[in-house]
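Engineer: can't give you the sequence, but here's the structure:
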Ligand SMILES: [Zn+2]
């Protein structure tokens with residue numbers, strides 16, 4: 001079933017964006033909770049309120065690649081041992097890094 005919407009209405013909304021999967025223009029910002037495996041593979045933590053994109057047309061909810069990289073980098077650069085099993089994206093990104101730069105990237 002196709003639902004027609006007014007093109008202009010979506011263009012004016014600041015929070016709508018293009019879906020990377022189906023190219024629908026109706027994708028919006030959302031926040032998601034994801035389980036994330038730690039780089040050392042010892043356990044997975046639950047990260048809440050991750051900025052995400054949600055698409056009503058294809059049903060995808062995903063994180064942009066740059067954001068996934070940010071989280072991966074952060075997990076590489078902080079001491080993950082004292083991390084709680086559940087925290088928010090912001091709490092995770094606020095943890096000070098113990099390495100001055102990312103040695104894992106060339
Ligand atoms: Zn889509």
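Structural biologist: Nice, thanks for sending it over. All figures in this text were calculated on a predicted structure; none of them were measured in a lab.
Engineer: now do the helices in the chain.
Structural biologist: 7-12, 65-77, 89-94 (DSSP state H).
Engineer: now the last one: buried residues?
Structural biologist: By neighbour count with 16 or more other Cβ atoms under 10 Å, helix 89-94 contains the buried residues 89, 92. For glycine as for every other residue, the C-beta is placed from the backbone atoms N, C-alpha and C.
Engineer: could you do the longest one as well?
Structural biologist: Of the residues in helix 65-77, those buried under the neighbour-count criterion (16+ other Cβ under 10 Å) are 70-71, 73-77.
Engineer: let's have the residues you listed in a markdown table, adding distance to the ion.
Structural biologist: Below are the buried residues of helix 65-77 laid out as a markdown table (distance: Cβ to the ion, whole Å):
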| residue | distance to the ion |
| --- | --- |
| 70 | 23 |
| 71 | 22 |
| 73 | 27 |
| 74 | 27 |
| 75 | 28 |
| 76 | 30 |
| 77 | 32 |
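Engineer: around residue 44, how many other residues sit close by?
Structural biologist: 12 (other Cβ atoms under 10 Å).
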